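Asker: Sequence and predicted model, in that order:
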Amino acid sequence: MDSNRAVDGWNALADGTRHAIVSRLAEGPLPVGRLAAGLPVSRSAVSQHLKILKDAGLVSEQASGTRRIYRLNPMAVAALRDQLDAFWRRALESYADVAGQATEARS
């Protein structure tokens, strides 16, 4: 996943409805009708949200007869997780540096 797609992924997840869709898809693949049934927006709105998630690379679709089945793209989700892990690691390292400096200042 390139950095532009990663940014798009974070932006896509910032919307509550898209976040809910991703949470539902984390439980397994679903057709748009089943996704829409559990959300407070229309099926058409869910389709628009799915397009944004697909454009961000977070969701893929597969034709199954006359329906389209949507699923999370595990590589894209893993890339976002890697970014989050890197942010967390840097934050902990910065905290450790500040805590170390405070300890040295007291000595």
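Answerer: Thanks, I have the structure now. Numbering: from 1, shown residues only.
Asker: Next SSE downstream of the worst-scoring helix or strand of the chain on mean pLDDT?
Answerer: Of all helical and strand segments in the chain, the minimum by mean pLDDT, DSSP states H and E falls on helix 3-13, at a mean of 75. Following helix 3-13 in sequence order, the next helix or strand is helix 16-25 (DSSP states H and E).
Asker: Now that next one: buried residues?
Answerer: For helix 16-25, the neighbour count (16 or more other CB atoms under 10 Å) marks Arg18, Ala20, Ile21, Val22, Arg24, Leu25 as buried. Any C-beta I mention is one placed from the backbone N, CA and C, and that applies to glycine too.
Asker: Name the next helix or strand downstream of that helix, please.
Answerer: Going down the chain from helix 16-25, the next helix or strand is strand 30-31, by DSSP H and E.
Asker: This structure: helices as residue ranges?
Answerer: Under the criterion DSSP state H, the chain contains helices at 3-13, 16-25, 32-37, 43-55, 74-106.
Asker: from the chain's centre, how far out does the shortest one sit?
Answerer: Think helix 32-37. Here the centre of helix 32-37 is set off from its chain's centre by 19 Å, with CA atoms, centre = their mean, to the nearest Å.
Asker: Then the last one?
Answerer: Using CA atoms, centre = their mean, the mean C-alpha position of helix 74-106 is found 20 Å from that of the whole chain.
Asker: Show me what it is packed up against.
Answerer: Applying 3 or more CB pairs under 8 Å, 6 or more residues apart in numbering; DSSP states H and E, one finds that helix 74-106 contacts helix 3-13.
Asker: what's the residue closest to the geometric middle of this protein?
Answerer: Most central in the chain under CA atoms, centre = their mean is Leu13, positioned 5.1 Å from the mean C-alpha point.
Asker: What residue, apart from its backbone neighbours, is nearest that one spatially?
Answerer: His19 (5.4 Å; CB to CB, 6 or more residues apart in numbering).
Asker: Quick check: buried residues in stretch 86-106?
Answerer: Per 16+ other CB under 10 Å, stretch 86-106 contains no buried residues.
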